[in-house]
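Enquirer: sharing a model prediction with you, sequence too.
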Amino acid sequence: MPEPFRIAVAQSTVHEDPTNPTLLRESGAEVRSLMREAAAAGARLVHFTEGAICFPSKVVLSSLGPDEIGPSDWTKADWAMLEDELGQITRLAGELGIWTVIPSVHQLPDARPHNSAYVVSAKGQVVARYDDRALSTTKVTWMYTPGTAPVTFEVDGYRFGLALGLDVLFPELFTEYDRLGVDAVLVSYASTHGPNGHIGVQVCGTAANNTCWISLAVTANPETGLVAGVADPRGAWVAQASADGRPAIVVAEIQPDERTTVGRAFRQRTRERIGS
């Protein structure tokens with residue numbers, strides 16, 4: 001059995017203007033500061049929220065806007081700066097020796113970009129990328145190309161799955177990860193407006209239903225009612241960041257849990273029996 005695995009999950013400032021190099025620099029600097037905190041705390045992996053480098057606004061990018069929402073004009077984005085910040089984060093992961101899950105926009109040559117999460121190894125190499133599948137109506141209509149597949153990766157004997165944004169509302173995506181044998185799902189969720197406390201409820205219920213660990217990385221914003229945290233296979237929070245909305249990390253240890261193995265075997269037998 002693998003040893004307990006220390007994970008750091010972040011709540012960080014989310015900016016919405018991908019055309020503003022100053023804001024992109026600020027976001028990158030904050031991410032790197034939190035990476036250093038995570039490494040100093042002995043974390044093996046640090047997990048960031050959707051939009052950690054930038055959460056592009058439909059208003060800022062609208063080709064008809066800002067008063068009317070239309071197809072996003074991605075030529076407005078400062079792609080060079082976005083790529084530079086991602087590159088600095090990737091290099092720092094290697095310097096610190098810490099696995100890093102960092103969401104960012106992934107540019108495509110002949111289509112709208114993906115809303116993605118990159119997996120950077122402790123050697124400073126991008127080893128996987130997950131593309132958001134359950135895009136909101138706005139995202140899929142005006143902004144992004146949806147992803148098509150789950151993504152897993154392994155560290156120190158643990159298998160992780162990835163989820164972004166509204167993925168958290170779709171139980172079938174987590175059932176898919178259950179079938180793929182993950183120990184934990186890393187959920188990155190950006191929330192910049194209004195209360196969204198129900199997302200935390202979804203996370204706890206999903207963790208219990210699939211007897212898996214779930215890490216929730218969110219926006220540092222007290223108005224949302226969400227904080228970063230880690231839920232255990234019973235659906236209980238084992239660690240949560242401060243509710244004051246400040247940028248921070250929270251550290252927790254996930255470990256082998258017999259309930260995960262027993263529960264997964266039971267679900268597999270039952271699905272076979274009922275034909276689902």
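Expert: That came through fine.

Enquirer: show me what contacts the residue most central in space within the chain?
Expert: Central residue of the chain (C-alpha atoms, centre = their mean): Ser188, 2.4 Å from the mean position. By C-beta atoms under 8 Å, 6 or more residues apart in numbering, Ser188 lies in contact with 47-50, 52, 101, 103, 117, 162-165, 217. C-beta: built from backbone N, CA, C; applies to glycine.

Enquirer: can you name the residues bridging to it?
Expert: Beta-bridge pairing of Ser188 under DSSP bridges involves Leu164, Ala217.

Enquirer: look up how far Arg267 lies from it.
Expert: 25 Å (C-beta to C-beta, to the nearest Å).

Enquirer: the bottom helix or strand of this structure by mean pLDDT?
Expert: helix 258-274 (a mean of 87; mean pLDDT, DSSP states H and E).

Enquirer: now the strands for the stretch 101-250 of the chain?
Expert: Along the stretch 101-250 of the chain, the segments classed as strands by DSSP state E, counting those that start in this stretch run 114-120, 126-131, 152-155, 158-164, 184-189, 213-219, 229-231, 237-240, 248-254.

Enquirer: quick one: the residue nearest to the centre of the chain from Ile53, how far?
Expert: 12 Å.

Enquirer: what do these two both touch?
Expert: What both Ser188 and Ile53 touch, as defined by C-beta under 8 Å, 6+ apart, is the set Pro103.

Enquirer: which parts of this structure are helices?
Expert: Counting by DSSP state H, one finds helices in the chain at the ranges 21-40, 58-61, 79-96, 137-138, 171-179, 198-209, 258-274.

Enquirer: contacting residues for His193?
Expert: Glu223.

Enquirer: show me where pLDDT drops low in this protein?
Expert: For the chain, no stretch has pLDDT under 70.

Enquirer: quick one on the thing from earlier: can you lay out the contacts of Ser188 as CSV showing distance to Pro150 and neighbour count?
Expert: Output for the contacts of Ser188, formatted as CSV (distance: C-beta to C-beta, whole Å; neighbours: other C-beta atoms under 10 Å):
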residue, distance to Pro150, neighbour count
His47, 17, 30
Phe48, 19, 31
Thr49, 20, 30
Glu50, 17, 25
Ala52, 21, 30
Val101, 15, 27
Pro103, 16, 27
Ala117, 12, 30
Leu162, 8, 28
Ala163, 9, 30
Leu164, 12, 26
Gly165, 15, 24
Ala217, 18, 29
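
Enquirer: count of neighbours near the nearest residue to Met143 once chain neighbours are set aside?
Expert: With sequence-adjacent residues excluded and distances taken as C-beta to C-beta, 6 or more residues apart in numbering, Met143 is closest to Ser72, at 4.7 Å. Neighbourhood size, Ser72 [other C-beta atoms under 10 Å]: 25.

Enquirer: right, and Ser72 touches Leu61 too?
Expert: Yes. Between Ser72 and Leu61 there is a contact under C-beta atoms under 8 Å: 3.9 Å.

Enquirer: identify the contacts common to the two.
Expert: Residues touching both Ser72 and Leu61 (C-beta under 8 Å, 6+ apart): Met143.

Enquirer: quick revisit: out of the strands of the stretch 101-250 of the chain, nearest to Glu172?
Expert: Closest of the strands of the stretch 101-250 of the chain to Glu172 is strand 158-164, at 11.7 Å (criterion: C-beta to C-beta).
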